[in-house]
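Visitor: Fold the following for me, if possible:
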Amino acid sequence: MIEQLKIEYPKLFALLPEDISALRYILVIDENFNDVDSDEFDDIDPEDFNYLVYLTDLLQETIGRELFLSLPYKYLENDLFEDFHLSQEDLYGVQTDEDEAGIVKIILTEIEKAL
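Guide: Reported below is the predicted structural model:
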């Protein structure tokens, strides 16, 4: 998967370290489910948001603070997200019919366009 992402998002991957071997080093997407031990549960209700999206420190540092802070506004406007919630600067709750690959595409496309 990472090799395909390097082709699809050349500006972003030109800025990242060459040894990135897995998506999780830049972006973590998890299904949101009822986990009573989860700190995120209080703020990102699984009934309202079916995925959690975390932008890693490496990604944040690579794209720069200004772009990083502008991203939630871009995602709020994206029609593929039925609902979007900024829980923390680097953690989003999203409601979408897209699968994990679709969410990756949405997140990275906005970053690539802005670079």
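Visitor: from here on, contacts and neighbour counts on C-alpha atoms
Guide: OK.
Visitor: ok, residue 83 touching residue 97?
Guide: No: proximity of residue 83 to residue 97 does not meet the contact threshold set by Cα atoms under 8 Å, at 10.6 Å.
Visitor: intersection of neighbour lists for the two?
Guide: The contact sets of residue 83 and residue 97 do not overlap (Cα atoms under 8 Å, 6 or more residues apart in numbering).
Visitor: if you count what's nearby, which of the two comes out ahead?
Guide: The residue with more neighbours, out of residue 83 and residue 97 and counting by other Cα atoms under 10 Å, is residue 83; that gives 17 against 12.
Visitor: Can you tell me the closest non-neighbouring residue to that one?
Guide: Of all residues not flanking residue 83 in the chain, residue 95 sits nearest, at 4.9 Å (Cα to Cα, 6 or more residues apart in numbering).
Visitor: quick one: pLDDT of that neighbour?
Guide: At residue 95, the pLDDT value in this model is 96.
Visitor: can you count the residues close to it?
Guide: 19.
Visitor: other SSEs contacting the lengthiest helix in the chain?
Guide: The helix that spans the most residues within the chain, counting by DSSP state H, is helix 100-114. If contacts are counted by 3 or more Cα pairs under 8 Å, 6 or more residues apart in numbering; DSSP states H and E, helix 100-114 sits against helix 10-15, strand 27-31, helix 65-76.
Visitor: tell me the contacts of the residue nearest to residue 83?
Guide: By Cα under 8 Å, 6+ apart, the contact list for residue 95 reads 48, 49, 50, 51, 81, 82, 83, 84.
Visitor: now with 10 Å?
Guide: 32, 46-52, 80-85 (Cα atoms under 10 Å, 6 or more residues apart in numbering).
Visitor: Narrow these to those that are buried.
Guide: 32, 46, 48, 49, 50, 51, 52, 80, 81, 83, 84, 85 (16 or more other Cα atoms under 10 Å).
Visitor: Spell out which helix or strand contains the second one, please.
Guide: With secondary structure defined by DSSP states H and E, residue 46 is part of neither a helix nor a strand.
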